[in-house]
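1. Give the three-dimensional model of this entry:
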Amino acid sequence: MIGRFVKTTLADWKGRDCCRIEFRGYDVRYPYLGGSDIYDREGPCIDPDEILSYIRERGQTLDGIVLGGGEPLAHEGLYGFLKELRRTKRPIMLETQGMRPDVLDDLAGAMMFDMVRLYVPAYPGSPNFQKATGGFGDPALMKRSMEIVNGLDVDREFFVYAVPGIVDGPEIENIARSVGEKTYLTISQFDPHLATDPEYRKIRPYSKTEGSALSASAKRYAKRTALKGF
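-> Next up, the predicted model:
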């Protein structure tokens, strides 16, 4: 179930010293990102009890737990694992690719996380959405996940990688129009060195000036917009 475990990270949840748990298997494999070592659900896994022991030992010195991957919502054992994590009384962030809105809704109803980060590769329904997901993303499921996230009473974020050729000004505006009043929108720099598809390794990332222009476009509709990595 769990393919990677990072004991300390300051980069995943702003202002918090967290650990990061990454689940094996993706619902959607983005060609411009890495993570190929945990693409498949089958493979070497880390014992969840070892992770729980570490979290208990850290106690109050651990500011949060981030669950990503991979797709955490794809695993049947997630609910039981979240119950154990809840007993540690550490805040939990859940990351998702948005292809399992019903599971997301169920976990939200059970109050199993304190923040949710939804990865939005492009506006669902646009041609760029299929390009970003290699044709495997379902725009209807993404739209439903966006609606669920916007309606939650926890911290929430739409996370977008600014990939040239996929996310431009009009694309980011369409995404920003779908951002709820209390939902954050993060526009992150794209790193071609991490891309699994060789074609994306040839792409020049946006400059800081170009990233600021994307942010300005988004802020017309989403006031809680931030840049990351530019």
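2. just the helices in this structure please.
-> Listed in chain order, the helices of the chain (DSSP state H) span 48-58, 78-87, 101-109, 127-132, 139-150, 169-177, 208-219.
3. Same list, those, but as CSV with mean neighbour count and mean pLDDT please.
-> (Glycine included, C-beta is placed from N, CA and C.) Compiled in CSV, the helices of the chain are given as follows (neighbours: other C-beta atoms under 10 Å; pLDDT from 0 to 100):
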stretch, mean neighbour count, mean pLDDT
helix 48-58, 14, 97
helix 78-87, 16, 97
helix 101-109, 17, 97
helix 127-132, 18, 94
helix 139-150, 19, 98
helix 169-177, 19, 96
helix 208-219, 17, 97
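4. So which of those is nearest residue 201?
-> Set against residue 201 and scored by C-beta to C-beta, the helices of the chain come closest in helix 127-132, at 16.0 Å.
5. re the thing from before, let me have the helices of the chain in CSV, adding distance to residue 11 as columns.
-> As requested, the helices of the chain are arranged in CSV below (distance: least, C-beta to C-beta, whole Å):
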stretch, distance to residue 11
helix 48-58, 18
helix 78-87, 20
helix 101-109, 23
helix 127-132, 23
helix 139-150, 21
helix 169-177, 22
helix 208-219, 18
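6. of all the ones you listed, which lies closest to residue 32?
-> Closest approach to residue 32 among those (C-beta to C-beta): helix 127-132, 7.6 Å.
7. what ranges of the protein fall below the confidence cut-off?
-> The chain contains no residues with pLDDT under 70.
8. residue at max distance from the center of it?
-> Computed with C-alpha atoms, centre = their mean, the residue of the chain farthest from its C-alpha average is residue 57, at 26.8 Å.
9. Quick one: residues contacting that one.
-> Residues near residue 57 by C-beta atoms under 8 Å, 6 or more residues apart in numbering: none.
10. Also residue 125?
-> 139, 143.
11. So what does it look like in phi/psi?
-> Per-residue torsions, residue 125: phi 100, psi -20 (degrees, to the nearest 10).
12. mind exporting stretch 78-95 as PDB, just the C-alpha atoms?
-> Output of stretch 78-95 as PDB, limited to C-alpha atoms (Å, rounded to 0.1, in the frame of the first residue of the first chain):
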ATOM      1  CA  LEU A  78      -7.100   3.700   3.800                       C
ATOM      2  CA  TYR A  79     -10.000   4.200   6.100                       C
ATOM      3  CA  GLY A  80      -8.600   1.900   8.800                       C
ATOM      4  CA  PHE A  81      -5.100   3.500   8.400                       C
ATOM      5  CA  LEU A  82      -6.700   7.000   8.800                       C
ATOM      6  CA  LYS A  83      -8.400   5.900  12.000                       C
ATOM      7  CA  GLU A  84      -5.100   4.900  13.400                       C
ATOM      8  CA  LEU A  85      -3.500   8.100  12.300                       C
ATOM      9  CA  ARG A  86      -6.400  10.000  13.900                       C
ATOM     10  CA  ARG A  87      -5.600   8.500  17.200                       C
ATOM     11  CA  THR A  88      -2.100  10.200  17.100                       C
ATOM     12  CA  LYS A  89      -4.000  13.500  17.200                       C
ATOM     13  CA  ARG A  90      -1.700  15.000  14.500                       C
ATOM     14  CA  PRO A  91      -3.300  17.100  11.700                       C
ATOM     15  CA  ILE A  92      -3.700  15.200   8.400                       C
ATOM     16  CA  MET A  93      -3.600  16.500   4.900                       C
ATOM     17  CA  LEU A  94      -5.000  14.400   2.100                       C
ATOM     18  CA  GLU A  95      -3.900  14.800  -1.500                       C
END
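13. outside of that stretch, which residues touch it?
-> With C-beta under 8 Å, 6+ apart as the criterion, stretch 78-95 contacts 1, 12-13, 16, 18, 23, 48, 52, 55-56, 62-69, 72, 75, 103-104, 107, 110, 112-119, 159.
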